[in-house]
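Asks: fold the following for me, if possible:
(chains A, B and C)
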Amino acid sequence: MNGFSGYALRQFELDIAPLDLGQTLGCGQTFRWRCQQDGSWIGILSNQVVELKEEDGLLRARADPGNGDIRREVCRYLRASDNVSEIQRILRKDKVIAPGIRKMRGLRIVKIDEWECLASYVLATYANIPRISKMIESIAREYGTKIREESYAFPSPHELGRASVKALAGCGLGYRAAYLNSLCREIDEQRLDELKKLGYEELREELIQLPGVGDKVADCVCLFGFGKLESFPIDVWIERALSRLYKQNGTYRSLREFAKDRFGKYAGYAQEYLYYNERTFASEGACMFTRT
DNA sequence: GCCCAGGAGTGTG
DNA sequence: CACACTCATGGG
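Replies: Okay, here's the model as predicted:
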């Protein structure tokens, strides 16, 4: 079963469209959600275990007994106030990414907790998605607050800062252990609050100063952690897509300028559609959104 | 066993 | 600024 007691269970139905949980939670932008046998997804929002499921065109959200406003947390996480259809309408004018939009109509860019996103993407360098998930679960289990059986909150900078580099390496982080350890000592709640006030370009410049944060990670954190939809993270897949589909080759800086001109304030969504395009192009037929 | 991974940091030409 | 090299391991 799903582990929810049912006693004093909080449950809501939400009308968020377009939305496909598999496309949204399984596309690689976020790493902790798990798909159950019945198609529901279990994750953690604001230190509470939440179950999401699509039923009859609605989104059903359930959570353990508690005090937090689950409806508000889910709406914030899924960016319910974004008009994704309108964003798609705008981006669809670009015939190159139109196919990606058709296939990923239910993908929504999520709003991850700032710190969790920053730490996660520092770990995400030069690793594949299954491993990234494993690293994150490992450090949550070791250093995060236990919410319930087999569920741990993502550890705060302070909690994670208590871990030695060697201990972090023991969680399978490899060379990323040193980056994460340094990062914990440069970030606290006050610093995060300061960063939240910044616009995209300024925020990006600040993030890039942090250990283990380069161009790509900074843009991912801007996009998924701080909600800057104009951010356009360029990884190897996007690089291939830009080369193959737009004949654009060059430095990160030049490609970023191209994306800014071409996709504007919703470049983040364009990036997702291009990413999907390129990955399916690379692995003809293989489904990358496997539900385990 | 082998190859590669949603890169970043550092040093060199 | 552009490139090359290294970084530590686990998935496929």
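Asks: and the helix or strand that contains residue A:241, anywhere near DNA strand C?
Replies: Assessed by DSSP states H and E, residue A:241 sits inside helix A:236-246. No - on the criterion C-beta under 7 Å from any atom of the strand, helix A:236-246 is out of touch with DNA strand C, staying 11.9 Å away. Backbone N, C-alpha and C define where each C-beta goes, glycine included.
Asks: list the contacts of that helix.
Replies: Contact with helix A:236-246 is made by A:96, A:232, A:234, A:248-249, A:255, A:258-259, A:262, A:271, A:274-275, A:277-279, A:281-282, as judged by C-beta atoms under 8 Å, 6 or more residues apart in numbering.
Asks: buried only: go through those residues for me.
Replies: A:232, A:234, A:248, A:255, A:258-259, A:262, A:271, A:274-275, A:277-279 (16 or more other C-beta atoms under 10 Å).
Asks: which residues of chain A lie near DNA strand B?
Replies: Residues of chain A lying near DNA strand B by C-beta under 7 Å from any atom of the strand: A:27-29, A:124-129, A:131-132, A:175, A:179, A:208, A:210-218, A:233, A:235-238, A:271-272, A:275.
Asks: please redo it, this time with the cut-off set to 6 Å
Replies: Counting by C-beta under 6 Å from any atom of the strand, the residues of chain A close to DNA strand B are A:27-29, A:124-129, A:211-217, A:233, A:235-238, A:271, A:275.
Asks: count the residues that sit near the residue of chain A found nearest DNA strand C.
Replies: Of all residues in chain A, residue A:174 sits closest to DNA strand C, at 3.0 Å by C-beta to the nearest atom of the strand. Here the number of neighbours of residue A:174 (other C-beta atoms under 10 Å) works out to 15.
Asks: got it, and residue A:175?
Replies: Using other C-beta under 10 Å, residue A:175 is surrounded by 11 other residues.
Asks: also residue A:162?
Replies: As a burial measure, residue A:162 scores 10 neighbours (other C-beta under 10 Å).
Asks: ignoring the adjacent residues along the chain, who's closest to it?
Replies: Of all residues not flanking residue A:162 in the chain, residue A:143 sits nearest, at 7.0 Å (C-beta to C-beta, 6 or more residues apart in numbering).
Asks: so which residues on chain A come close to DNA strand C?
Replies: So far as C-beta under 6 Å from any atom of the strand goes, chain A lies against DNA strand C at A:126, A:128, A:130, A:131, A:134, A:169, A:172, A:174, A:175, A:251.
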